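Peer 1: fold the following for me, if possible:
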Amino acid sequence: GKPVVLAGAGSKGIEISVSHDDELLLCVGGPGPQGCDVHPLQARSREDWIALLSDARSSLLDDLVAGGDSLTVAGTRIWSAVEAVRKATGARQIELSVDRRIDGGVLLQVRTAAGRGSVVTFPAKLTLGPEKMVAVVASDPTTAAVPQEAHPAPHPKQAGRATVAPPRWRRWMAAKAVTR
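Peer 2: Numbers count the residues shown, from 1 in each chain. Got it, this is the predicted structure:
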């Protein structure tokens, strides 16, 4: 099941979501459903992205590219957003649309059978390793909850070197570079 941090008897607890790759661990937490994803940017052809994301998301891919994303960034942005929403909601049918762009990030509106919400997506470049796309559910698509403000917290070894989130989109996040 999904991880929950319990605060005491009778507490509903804090729900968390975790995502990782070989170099980064991302964790978000708060009351209610949480969802996050981190994924390295991967170059693919338009045809490969459509096959991976589905024909239904081809217009969103085109919109993101027309708005300034490379095909690699646009495709990885959609992939990460869908994964984050699935973690938060369990939904299989997810509609996404561009709400706005800020500082390289894109706020996507989310629609599922259970409701509406949003997901923040932005590229992050650490000192080592490839650039990654980060996606964090900013409001719960099952309840349309207002996103909570919190603060980025990079791992101490990465302090000052990691781009964690565009400053206008603050969401509690912790990023840890895995060292070998």
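Peer 1: what about the nearest residue in space to residue 122 that is not next to it in sequence, how many residues close to it?
Peer 2: Excluding the flanking residues, the one nearest residue 122 by Cβ to Cβ, 6 or more residues apart in numbering is residue 105, at 3.5 Å. (C-beta placed from N, C-alpha, C; glycine too.) Other residues lying near residue 105 total 20 when counted by other Cβ atoms under 10 Å.
Peer 1: would you check how far apart residue 105 and residue 127 are?
Peer 2: 20 Å (Cβ to Cβ, to the nearest Å).
Peer 1: what's the answer for residue 6, then?
Peer 2: Distance, residue 6 to residue 127, using Cβ to Cβ: 36 Å.
Peer 1: what residues are up against the closest residue to residue 14 other than its chain neighbours?
Peer 2: Nearest residue to residue 14 in three dimensions, chain neighbours excluded: residue 5, at 4.5 Å (Cβ to Cβ, 6+ apart). If you count contacts by Cβ atoms under 8 Å, 6 or more residues apart in numbering, residue 5 has them with 13-16, 29.
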